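[1] Structure, please.
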Amino acid sequence: MQSATVLIDHPLVQHKLTVLRKQETSTSKFRGVLREIALLLTYEVTRDLPLTTVRIQTPIKEMDAPKLDGKKLCFVSVLRAGNGLLEGMLDLVPSARVGHVGLYREPDTLEAKEYYFKVPSHLDQRRVIIVDPMLATGHSAVSAVTRIKQAGATDIRFLCLLAAPEGIRAFHQTHPDVTVYTAAVDQGLNEKAYIVPGLGDAGDRMFGTK
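    Residues are numbered from 1 along each chain as shown. Model (predicted):
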């Protein structure tokens, strides 16, 4: 299957991303804008959800009206920074099921190490959207998708704020069947594997831990 990366370049998304990038943006402002941009990103990543019809009565007459088909969506947050996007996504789709994958980056090798995994049942019958603000080296994203596939999911999307070309390449080499949705593809990675120009460490900026 051909690899795909979808750039979400809506003007509101790009404007809010600029606010997030600014060094002077406060922790509270960062959290608020991240929640807002997550709602807009979710709108795009769910654009092709399957629909069916249901017979309803409007104040005027009966009609066959569209409704979502199949089991509820599943959002999977890659801890900890993924939770910042998750909140905004649930504002738009409050009925979605939620899973969590806990990963940390080993400082020397930069490899992703798992410390937590909890997801809903019947993933094979749900669309699963995995969320992590940054796709840098791609190690965490690859590990998260691998675990979700092992849990039975077959319809998967990966959603992030920013991506580096190196991360996209590594991701698609392992998971060519999973589309990446991102608001920007930046210049690349620095010697510490941070995205350049990026926005810093999303988790630290969201939680005020740096």
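
[2] Q150: neighbour count?
    10 (other CB atoms under 10 Å). (C-beta placed from N, C-alpha, C; glycine too.)

[3] residues contacting it?
    With contact set as CB atoms under 8 Å, 6 or more residues apart in numbering, Q150 has no partners.

[4] per-residue pLDDT, it?
    Per-residue pLDDT puts Q150 at 94.

[5] Break down the chain into its strands, ranges please.
    Taking DSSP state E as the test, the strands found in the chain are 5-7, 51-57, 62-68, 74-79, 97-105, 112-118, 127-131, 134-135, 155-163, 179-185, 188-189, 195-196.

[6] Tell me what angle the second one forms with strand 62-68.
    Okay, so that is strand 51-57. Relative orientation of strand 51-57 versus strand 62-68 (axes from the mean of the first three to the mean of the last three CA atoms, to 10 degrees): 140 degrees.

[7] List the strands paired with strand 51-57, with their directions.
    Strand 51-57 has the following strand partners under DSSP bridges: strand 62-68 (antiparallel).

[8] Check the fourth one too.
    Applying DSSP bridges, strand 74-79 is found paired with strand 97-105 (parallel), strand 127-131 (parallel).

[9] Just name the most buried of those strands.
    Mean neighbour count (mean count of other CB atoms under 10 Å) peaks for strand 127-131 among the strands paired with strand 74-79, with a mean of 25.

[10] quick one: contacts of that strand?
    38, 42, 45-46, 49, 70, 73-78, 82, 85-86, 89, 99, 101, 141, 144-145, 148, 153, 155-160.

[11] Now do that strand, average pLDDT.
    Computed over strand 127-131, the average pLDDT equals 96.

[12] That strand: how far from the chain's middle?
    Mean-position distance between strand 127-131 and its chain equals 7 Å (CA atoms, centre = their mean, to the nearest Å).

[13] May I have it exported as PDB, CA atoms only?
    Only the C-alpha atoms of strand 127-131 are listed here, as PDB (Å, rounded to 0.1, in the frame of the first residue of the first chain):
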ATOM      1  CA  ARG A 127     -11.300   3.500  13.400                       C
ATOM      2  CA  VAL A 128      -8.400   4.200  15.700                       C
ATOM      3  CA  ILE A 129      -6.700   7.700  15.700                       C
ATOM      4  CA  ILE A 130      -3.400   7.700  17.500                       C
ATOM      5  CA  VAL A 131      -2.300  11.200  18.700                       C
END
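
[14] and the angle for it with strand 155-163?
    If you take the same axes, to 10 degrees, strand 127-131 sits at 20 degrees to strand 155-163.

[15] The longest helix along the chain - contacts with which helices or strands?
    Longest helix of the chain, by residue count under DSSP state H: helix 27-45. For helix 27-45, the elements it packs on are helix 11-21, helix 82-92, strand 127-131, strand 155-163, strand 179-185, helix 202-207, judged by 3 or more CB pairs under 8 Å, 6 or more residues apart in numbering; DSSP states H and E.

[16] Mind telling me which of these the model trusts least?
    Taking the mean pLDDT of these, helix 202-207 comes last: a mean of 86.

[17] still on that earlier bit, between the helices and strands packed on helix 27-45, which one is closest to V196.
    Nearest to V196 among the helices and strands packed on helix 27-45 is strand 155-163 (10.2 Å), distances taken as CB to CB.

[18] What separation do you get for V101 and R169?
    22 Å (CB to CB, to the nearest Å).
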